[in-house]
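**Student:** Model the following, please.
(chains A and B)
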Amino acid sequence: MDLVTVNGLSKRYGGIVALSEATFSARAGEVHALLGENGAGKSTFIQILSGAVQHDGGSILVDGQDYRPANPDAAQVRGIAAVFQELSLIPDLSVEQNIWFRHEPRTLLRTVNRAEMRRKTLALLEKYNFPVLRPDQELRRLTLAERQIVEIAKGLAKDPRILILDEATSALPAREAEWLLKLTRQLAAEGRLVIFISHRMAEVRAIADRLTIFRNGSTIAVHEANAVSDNEIVTQMIGRHLDRLYPERIATATDRIALSVKNFSSGSRLSGVDFALREGEVLGVGGLQGHGQRELFQALFGASKASGTIELWGKPVSIANPRQALIGKDGIALVPEDRRGQGLLLTKSVRENLTLSVIRRFTENGLLSRQKEAALVKEMVDFLRIKAGTPEQLAGTLSGGNQQKVIFGKMLLTQARVLLLYDPTRGVDVGTKGEIFQLMRDLAAKGYAILFHSSDMPELVHVADRVLVMRNGGVAATLEGDRISEAGILRAAMLESEAA
Amino acid sequence: MSAFLARNRLIVLAYAGMVVLLLVTALFSPGFLSVSNMRSTVVLAAFVGIVALGQTFVIIGGGIDLSVPWVLNSAAIVMALLCGGQDLPLVWVMPLLLAGGAFIGLINGVGVAQFGVPPIIMTLATNVILQGLILVLTGGSPTPSAPALIQYLSVGRIGAFPVIALIWLALTLVATLLLSKAAFGRHLYALGTSATVAEFSGVPTARTTILTYVISGLTAAFAGMLLTGYSGQAYLGMGDAYLFTSIAAVAIGGASILGGSGHYLGTVAGAMVLTILTGLLPALNLSSGALLIVYGAVILLTVSIGSETFAGLGGKMRRKES
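**Tutor:** From the prediction side, this is the model:
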């Protein structure tokens, strides 16, 4: 019998239909992937399952019993837990305090039983072979990837029968993502149901038993995973035929050096980096996570202190803060890692976000010209095909892909022609991913120089002209031409012998 | 304009509250709506409004200025001492004291923006230091009376309008231009919404922060001088009431105390609401103790209605994101 059966599920937010007559069913012991573009209704669906929001119509049966949780606690009582992509952890608490938050083991006096909490934490981490985590470490000291792993531990701590993983691998580097896939299989083997959402097709193919495809709030198809092709899936997701995800790689690099970096160091994670990025080039930055990629991007943008020399278009520059980085035609712009924390003012409009970096340009005698601003905003919204009702829509209400486009737009308006793109497709739907890659190639053809990091290795392989592989805070190898492959990147990232 | 209203529901709410309060007060105290009484209400509200102007900028930027009471008080007392009741010294005393207020703001701003001192600690410290300095300076003795020109600015009239009301109007215009029509305003809202995002977008965050405290120092010092004219004299403790009222006016006016939203036009309504309230409560024939309790409770209620509306909107937005 099915563990979960959903029929005619509907949900509206005001005038917006998020789900309409969606159906779903899944068995205990399977990994069931949920696919769809951003805005297809996946998130709403799992929010209903996990008790975060309540549905307007339709029915959900769990174990044949009616299921309508009023809140996440009620969902948990029925054995359903979710790990969301938006992290729910508290920075000031330790790893274990976060894992057991509100479910701490108690002593007879109802105080927190710390010894028991430690024991249970270690047991949990060991049972599922978690990558190294120290239970007493303060959360704020962890990287985004490590936090995501804590989030997963927190979900598992509830010993759920149904575990929902929403884009859980998107923040994880290759090795940890691999671990998570194994973990998922292990959970299924224990007789649990894992509902798995990912924008990475390879992962879905690797672990899912079955997959359900959502589009525009409805269920489009259910497939056995081994009986359907990638092409069919993508076509059903986007409702049209997508020619190809990666644009053709036409070499547009010139001999002119746009960005030259010598003996560049920052903190303890980045030491002695040298490289040159050419006009018209897309230079990939790969390697295992935590080997200095983040520090490189932030330091180049002036967001953290660094030493060494930087030349932009042949001129030595010193960049003490992002404001200096963004100045003028010879500037350097960053699409940052943390879209919501570093990139966007969520409670401000698309217009205000787009023009924030260049607002001075719209002033005449010190006063803003709304016409000039509106004209440029419209131009950028059209150019990037940002799907917003009006430019006054709040950035926080856009889908992930459109949020990312707004950040791109903000940086393109600055006229900086050296772009630093840190994992720009993370958590972005497949249609928008394709648009972003095409945009990168178009910009390169116009003479932009692009430094591009992705946590998804195939992206580096298919989009970058060359790939810098980082190891221990330095450049371990520079791959070109045929040597750019997932195996090549991994080898350079992991093996000491591979010389630069 | 309609777009402005849609985005600033809380400001509209503040004005609606003001009108309701006016009508209620008129019910209890029939003379309240008379021209002369409205005039004195506006004059009293202007002092709150001018102090709260700087406070509005600081709060939108995500900070708070607790040094306003003694910046105000210092300016009042030093002005009275330096002028000795004469008009002529005002020519240099006024600019000097405005510069002094700006300088205290500069210290606050640099402490917060460059040295990372939390705004509450930083501004509380300058407040106490100023208080100490003034006590040393005066030894507690009373000051000479206010120059006639200052008295004219705060209680005089041009035609039917109090001079100070016109000053307030002009300052409101300047504040509105800064917030809505200048690059500085955009930078300020971005800073208060998320300092990190602002920094990553190339906003001069330190400069913007410092400027808000400088403006607050300026308006507090200016209000101190005007208030001396109103009272006829400067005295110790005359600024104390303005700590609470300046922050309450901003909050009633619809700004989030966490920064990133609000507008001085809302603060103007907030200042009016607070002042009308001080007119209403005595009409209820309560003891002065009970009066304070009701005053505090009403402000708490007003602000919480505003923030609840805001929380409601925020909650809706969060859900829609998914």
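**Student:** Just the buried residues of stretch A:281-289, please?
**Tutor:** Neighbour counts over stretch A:281-289 (16 or more other CB atoms under 10 Å in any protein chain shown) mark A:281-289 as buried. All C-beta spots, glycine's among them, are computed from the backbone N, C-alpha and C.
**Student:** which one of these is nearest chain B?
**Tutor:** residue A:285 (18.7 Å; CB to the nearest CB).
**Student:** Quick check: that closest one is in a strand.
**Tutor:** Yes - checked against DSSP: H, G, I helix; E, B strand; the rest coil, residue A:285 lies within a strand.
**Student:** my guess is residue A:413 meets residue A:351, correct?
**Tutor:** No - when contacts are counted by CB atoms under 8 Å, residue A:413 is not listed as touching residue A:351 (11.5 Å).
**Student:** hang on, residue A:303 in a helix?
**Tutor:** No - Residue A:303 is assigned coil when assessed by three-state DSSP, not a helix.
**Student:** Now it. Its backbone dihedrals?
**Tutor:** Backbone geometry at residue A:303, expressed as degrees, to the nearest 10, gives phi -80, psi -10.
**Student:** mind listing what the residue lying closest to it once chain neighbours are set aside touches?
**Tutor:** Nearest residue to residue A:303 in three dimensions, chain neighbours excluded: residue A:322, at 5.7 Å (CB to CB, 6 or more residues apart in numbering or on different chains). Residue A:322 sits next to A:301-303, A:334, B:199-202 when contact means CB atoms under 8 Å, 6 or more residues apart in numbering or on different chains.
**Student:** wait, which of these is closest to residue B:220?
**Tutor:** residue B:199 (28.1 Å; CB to CB).
**Student:** Show me which residues of the stretch 51-200 of chain B sit near chain A.
**Tutor:** Within the stretch 51-200 of chain B, the positions adjacent to chain A are B:177, B:180-183, B:186-187, B:189-190, B:193-194, B:196-200 by CB under 8 Å from any CB of the partner chain.
**Student:** What subset of these is buried?
**Tutor:** B:180-183, B:186-187, B:189-190, B:193-194, B:197-200.
**Student:** From the chain's centroid, how far away is the strand or helix carrying residue B:91?
**Tutor:** Under the criterion of DSSP states H and E, residue B:91 resides in helix B:90-113. A distance of 16 Å separates the centroid of the chain from that of helix B:90-113, by CA atoms, centre = their mean, to the nearest Å.
**Student:** mind exporting that helix as CSV, just the C-alpha atoms?
**Tutor:** Provided in CSV are the C-alpha atoms of helix B:90-113 (Å, rounded to 0.1, in the frame of the first residue of the first chain):
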residue,chain,number,x,y,z
LEU,B,90,23.4,84.5,17.9
VAL,B,91,25.1,85.3,14.6
TRP,B,92,28.0,83.1,15.6
VAL,B,93,26.6,81.2,18.5
MET,B,94,23.9,79.4,16.4
PRO,B,95,26.3,78.2,13.7
LEU,B,96,28.8,77.2,16.4
LEU,B,97,26.2,75.1,18.2
LEU,B,98,24.8,73.5,15.1
ALA,B,99,28.4,72.6,14.3
GLY,B,100,28.8,71.3,17.8
GLY,B,101,25.7,69.1,17.5
ALA,B,102,27.0,67.8,14.1
PHE,B,103,30.3,67.1,15.7
ILE,B,104,28.7,65.0,18.5
GLY,B,105,26.9,63.2,15.7
LEU,B,106,30.1,62.6,13.9
ILE,B,107,31.6,61.0,17.0
ASN,B,108,28.6,58.8,17.4
GLY,B,109,28.7,57.9,13.7
VAL,B,110,32.4,57.1,13.6
GLY,B,111,32.1,55.0,16.7
VAL,B,112,29.3,53.0,15.2
ALA,B,113,30.5,52.7,11.6
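**Student:** Would you confirm that residue A:334 belongs to a strand?
**Tutor:** Yes - with three-state DSSP as the criterion, residue A:334 is part of a strand.
**Student:** Burial check on it, number of neighbours?
**Tutor:** The number of residues packed near residue A:334 is 28, by other CB atoms under 10 Å in any protein chain shown.
**Student:** residues in the stretch 401-500 of chain A within reach of chain B, list them.
**Tutor:** A:410, A:414.
**Student:** Can you say which helix or strand has the residue of the stretch 401-500 of chain A found nearest chain B in it?
**Tutor:** Closest residue of the stretch 401-500 of chain A to chain B, CB to the nearest CB: residue A:410 (6.5 Å). Secondary structure assigned from DSSP H and E places residue A:410 in helix A:400-413.
**Student:** what's residue 153 in contact with, if anything?
**Tutor:** Assuming you mean chain A. Going by CB under 8 Å, 6+ apart, residue A:153 touches A:95, A:99, A:121, A:124-125, A:128, A:130, A:133.
**Student:** let's do chain B instead
**Tutor:** Going by CB under 8 Å, 6+ apart, residue B:153 touches B:163-164, B:167, B:226, B:229.
**Student:** what's the distance between it and residue B:164?
**Tutor:** 6 Å (CB to CB, to the nearest Å).
**Student:** Could you do residue A:459 as well?
**Tutor:** From residue A:459 over to residue B:164 the distance is 64 Å, taken as CB to CB.
**Student:** So between the two, which is more surrounded?
**Tutor:** A count of neighbours by other CB under 10 Å puts residue B:164 above the other of residue A:459 and residue B:164, at 27 against 23.
**Student:** SS state for the more buried one?
**Tutor:** Applying three-state DSSP: residue B:164 is helix.
**Student:** Make sure it is actually in contact with residue B:154.
**Tutor:** Yes - with contacts defined as CB under 8 Å, residue B:164 counts as touching residue B:154 at a distance of 5.2 Å.
**Student:** one step back: where's the residue nearest to residue A:303 relative to residue A:332, distance?
**Tutor:** With the distance defined as CB to CB, residue A:322 ends up 9 Å from residue A:332.
**Student:** Quickly list what's touching both of the two.
**Tutor:** Joint contacts of residue A:322 and residue A:332 (CB under 8 Å, 6+ apart) are residue A:301.
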